[in-house]
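Chemist: here are the coordinates; sequence isn't available:
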Ligand code: FRU
């Protein structure tokens, strides 16, 4: 009898308890202001980044129904300045059939300017999305295409899908670009568990021919996903071109990250410039993943957006955000050609337009074994600071910024240690670091702090460390500091981007 009453109680109580646990606590304090996040529900990878008629389209992996991964569809937003995003209806929803559910996994979008696919109407070039159809019931992934004749708002799936199928459970994330020289399309797509990418070419986006494979190099400890291959000029010289192959996988600390290869692509095969066992990383934090470049940007500009993985803490009513759009640059360094990243130059215009009260400049400050507050009651206390500072290291062992400071001065530390030549972000007991030496005895730090994301670009973006932080209420102090000696803050510019 006792047992029965107990189980009746449990049956009644358990759903309540479970429900109570699931009731989301809204977290507006962590909602980014100048980074993209969906109005509500889950996002992961950016998809189909394409620039058309002055508009940046951002499609993204989205669950339209819940604030967790599932029902994968392509969400959609557009922007003219890469700062303000207009939210639009889901562009490609999951396909629910009688026996098959097809999730719309990551991929890319191209403007089919010559109507090679034949999907264009009335002489207008269609936009073609190339994505992975994930069919969980069939345990299968293959590549599908869909076309849009309304400027990318809605898409129709091609009746002849799939366009590439190698009968595998894991085979995904096609990235397609137009090769003007060869007048053909090039697809780079990942075979995740084999740590390789495949290259295919096509004249019409429907029929694809396997060209070659590249893999087993760099970091192969984790699966390979979301690849992209892009030609980029070196040192800004259009006559000097290299190919940048990016892959989302692992980084040396075992954290999830992205790696890249530079090399040559002869229209068929990619050859790595660096030794096979030398991995190069795009970002040194735990958070940055699945970044892909924009298609169809003018003047050979290359700009990417990545996903900041929201696994450490739940936010509500949305979960997941994008990185700042980053310009990609290849530069010759003593170690060889390396990837540098900068917040997109397109954003400068928006920073310039801010009113004087939201801008701060400092010059030639000597900071001596202390922390100097930079904010006041009414300014720079919204945790939405964009900081650009150059230091000349002196006797201080450590220097940098404290952000999201509580009244007692504790907060998130963005520091540089001169002995170890290391940039670090310290948030409580969690320390993430990357080694980076001074350039001409200077350390430039660009710190983009947006409520719950921190992106730190060091020395013109030679290395980047990105992470998520979750400050408590009232933790909004902002100061510059030096420990065990002095440092010279040559210049500081900061912008408060709170709306
Ligand atoms: C990367 C990824 C992709 C896949 C998508 C599914 O985060 O796993 O490989 O297409 O997410 O949402």
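Modeler: Right, received. Where do you want to start? Keep in mind it's a predicted model, so treat the numbers as computed, not measured.
Chemist: can you pull the pLDDT of residue 378?
Modeler: Note on residue 378: pLDDT of 78.
Chemist: now swap in residue 15 and tell me
Modeler: 40.
Chemist: now do residue 9
Modeler: Model confidence at residue 9 (pLDDT) stands at 42.
Chemist: Please apply the same query to residue 252.
Modeler: The predicted local confidence for residue 252 is 47.
Chemist: which stretch of helix or strand covers the residue in the stretch 301-450 of the chain that the ligand sits nearest to?
Modeler: Here the stretch 301-450 of the chain gets closest to the ligand at one residue, residue 307, 6.8 Å apart by C-beta to the nearest ligand atom. C-beta: built from backbone N, CA, C; applies to glycine. Following DSSP states H and E, one finds residue 307 within strand 303-308.
Chemist: Quick check: next helix or strand after that strand?
Modeler: strand 318-319.
Chemist: Need the residues that contact that next one.
Modeler: Strand 318-319 has contacts (C-beta atoms under 8 Å, 6 or more residues apart in numbering) with 31, 37, 38, 39, 40, 41, 42, 43, 67, 68, 310.
Chemist: Narrow these to those in strands?
Modeler: 41, 42, 43 (DSSP state E).
Chemist: Kindly reformat the residues you listed as JSON lines containing distance to residue 315.
Modeler: What follows is the ones in strands among the contacts of strand 318-319, written out as JSON lines (distance: C-beta to C-beta, whole Å):
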{"residue": "41", "distance to residue 315": "11"}
{"residue": "42", "distance to residue 315": "10"}
{"residue": "43", "distance to residue 315": "11"}
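Chemist: now these in TSV, with pLDDT, distance to residue 119 and neighbour count?
Modeler: Formatted as TSV, the ones in strands among the contacts of strand 318-319 follow (pLDDT from 0 to 100; distance: C-beta to C-beta, whole Å; neighbours: other C-beta atoms under 10 Å):
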residue	pLDDT	distance to residue 119	neighbour count
41	98	30	20
42	98	30	23
43	98	27	24
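Chemist: show me the residues around the closest residue to residue 240 other than its chain neighbours that make contact.
Modeler: Take residue 240 and drop its neighbours on the chain: the residue closest to it by C-beta to C-beta, 6 or more residues apart in numbering is residue 234, 4.3 Å away. Under the criterion of C-beta under 8 Å, 6+ apart, the neighbours of residue 234 are 240, 241, 242, 330, 331, 332, 337.
Chemist: pLDDT score assigned to the residue of the stretch 301-450 of the chain closest to the ligand?
Modeler: Residue 307 is given a pLDDT of 97.
Chemist: and it, how many neighbours?
Modeler: 25 (other C-beta atoms under 10 Å).
Chemist: What's the per-residue pLDDT of the closest residue to it other than its chain neighbours here?
Modeler: Distance criterion C-beta to C-beta, 6+ apart; nearest residue to residue 307, sequence neighbours excluded, is residue 290 at 4.6 Å. On pLDDT, residue 290 comes in at 97.
Chemist: Name the helix or strand for residue 290, please.
Modeler: Taking DSSP H and E as the criterion, the element that holds residue 290 is strand 288-293.
Chemist: wait, what's in contact with the residue nearest the centre of the chain?
Modeler: Geometric centre of the chain, nearest residue: residue 306, 1.1 Å, by C-alpha atoms, centre = their mean. Residue 306 sits next to 46, 258, 283, 288, 289, 290, 291, 322, 323, 326, 466 when contact means C-beta under 8 Å, 6+ apart.
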